[in-house]
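Peer 1: Quick one: sequence and predicted model below, then my questions.
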Amino acid sequence: MFDLFLAPALAAGGAPVITSPENEDLPRAVERMLSVSMHRKDAAELDAVIAAAKAAYPEHAARIDAVVAELREPVEPLRIAPLIVPAPKPAKLEKPGFWEDLHGEFALSAAETRGNTDTLFLGLRGKLNLKRRAQIHRLETHADMAKANGVQSQNSWGGSYQLDTLWTDAYFGYVRGSFARDDFAGFRTDAFAGVGAGAYLIQDRTMTLRSELGPGYRFLDVAGEDDTIGALGLYGAAEFDWLLDEDWTLELDTKVNFSGPTSTIHPTLSMNADVSDHVETGVSYDLRYESNPPLMSEKLDRVLRFNVKYSY
């Protein structure tokens, strides 16, 4: 039977070359199968391919193990020494500018009527927050002016500064000072200085709630009298922000100040809609309640505003 296989070779005048399995090299196809299985990072599949390769080529079991070991070694990128090696330069870390991490917003409200009654109203609100390391500087200002038939009916302005020192991501301490003047209110001036602590009760992607509470000292100047009242007080505040969707936000800011002469509760509810990346328009409802105003003064003041706000 072997004569049938040897006949062509003998006819050509040459002797057949018989190679034994021990002299054959491991086929490249087997190495490629091992490489693909290694890159797929499937241990069961790799074990199966290794077992199949060793079963098909038992004489190359050692070579198969060597190929697997080579494939498991981490490959280092090719490194070519440059012709000119530049001198090493020390790394420079950019220092944050003083105005980095600055957030502010300014809201303007205005109204004018002409006819039987001529009225003019202008209102301005501003907030500025600057974070430097573990401290946050907070500045708030407000001003309102109104005239009716050429006679001034409202003139109020004021501002506050507060320094928060973060103890943790959720808790902080603060120092606060504020001053407000209203020529048409029972108390012409209202000043407060105090310290306290606060917490971020909710910190969510769409909702935040910040609260604070602390003691202080309050100064009140009664309108129409040269008398300044000073007394210990307890200040508290809560700021609630809710992102209803991509365009609409709901805000509720409440400030309270309890003291001997009078207690003040001042909530502001506002709804805003995005016009552009930095401009919003909305409506706000402002309440201010005095528990013990001077004679001939109302306890409750209410203001409805339509605002245009710029923020950055």
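Peer 2: Sure, I can see it.

Peer 1: Neighbours of Asp221, how many?
Peer 2: For Asp221, the count of nearby residues is 15 (other CB atoms under 10 Å). Quick note: C-beta positions are derived from backbone N, CA and C, even for glycine.

Peer 1: my guess is it contacts Gly230, does it?
Peer 2: No: using CB atoms under 8 Å, Asp221 is not in contact with Gly230, being 10.2 Å away.

Peer 1: By average pLDDT, which secondary structure element in this structure comes out worst?
Peer 2: Taking all helices and strands of the chain together, the one with the lowest average confidence (mean pLDDT, DSSP states H and E) is helix 2-11, at a mean of 42.

Peer 1: In the stretch 201-312 of the chain, where is pLDDT below threshold?
Peer 2: Across the stretch 201-312 of the chain, no stretch falls below the confidence threshold (pLDDT under 70).

Peer 1: Repeat the analysis, applying 80 as the threshold.
Peer 2: 223-227, 294-297 (pLDDT under 80).

Peer 1: Now do the strands in it.
Peer 2: When secondary structure is read from DSSP state E, counting those that start in this stretch, the stretch 201-312 of the chain shows strands at 207-222, 228-243, 248-259, 263-274, 279-290, 300-311.

Peer 1: Now tabulate these in JSON lines and tack on distance to Tyr171.
Peer 2: As requested, those are arranged in JSON lines below (distance: least, CB to CB, whole Å):
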{"stretch": "strand 207-222", "distance to Tyr171": "10"}
{"stretch": "strand 228-243", "distance to Tyr171": "15"}
{"stretch": "strand 248-259", "distance to Tyr171": "20"}
{"stretch": "strand 263-274", "distance to Tyr171": "24"}
{"stretch": "strand 279-290", "distance to Tyr171": "29"}
{"stretch": "strand 300-311", "distance to Tyr171": "26"}
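
Peer 1: and of the ones you listed, who's closest to Ala29?
Peer 2: Nearest to Ala29 among the strands of the stretch 201-312 of the chain is strand 228-243 (59.1 Å), distances taken as CB to CB.

Peer 1: Direction included, what does the closest one pair up with?
Peer 2: strand 207-222 (antiparallel), strand 248-259 (antiparallel) (DSSP bridges).

Peer 1: what's the angle between it and strand 263-274?
Peer 2: Regarding strand 228-243 and strand 263-274, their directions subtend 30 degrees when assessed with axes from the mean of the first three to the mean of the last three CA atoms, to 10 degrees.

Peer 1: Can we start the residue count at 206 from this point?
Peer 2: Let's use 206 as the start, then, which means that last one is strand 433-448.

Peer 1: Give the buried residues for strand 433-448.
Peer 2: Buried positions in strand 433-448, judged by neighbour count with 16 or more other CB atoms under 10 Å: Gly438, Leu439, Tyr440, Gly441, Ala442, Ala443, Glu444, Phe445, Asp446, Trp447.

Peer 1: what do you get for stretch 407-420?
Peer 2: Of all the residues in stretch 407-420, those buried under the rule 16+ other CB under 10 Å are Leu414, Arg415, Ser416, Glu417, Leu418, Gly419.

Peer 1: again with stretch 313-333
Peer 2: Burial within stretch 313-333, assessed by neighbour count using 16+ other CB under 10 Å, is assigned to Ser314, Leu325, Phe326, Gly328, Leu329, Arg330, Gly331, Lys332.

Peer 1: So the first one sits against Met350, correct?
Peer 2: No: Ser314 is beyond contact range of Met350, at 11.1 Å (criterion: CB under 8 Å).

Peer 1: Overlap of the contact sets of the two?
Peer 2: When contacts are counted by CB atoms under 8 Å, 6 or more residues apart in numbering, the set common to Ser314 and Met350 consists of Phe326, Leu327, Gly328.

Peer 1: hang on, the earlier thing: wait, which of the buried residues of stretch 313-333 is closest to Tyr515?
Peer 2: In terms of CB to CB, no member of these lies closer to Tyr515 than Gly331, at 9.9 Å.

Peer 1: list the helices and strands the top helix by length along the chain packs on?
Peer 2: What stands out as the longest helix in the chain, according to DSSP state H, is helix 248-261. Contacts of helix 248-261 with other secondary structure elements, assessed using 3 or more CB pairs under 8 Å, 6 or more residues apart in numbering; DSSP states H and E, are made with helix 233-244, helix 266-277.

Peer 1: how far off helix 233-244 does the last one point, in degrees?
Peer 2: In this structure, helix 266-277 runs at an angle of 40 degrees to helix 233-244, with the same axes, to 10 degrees as the basis.
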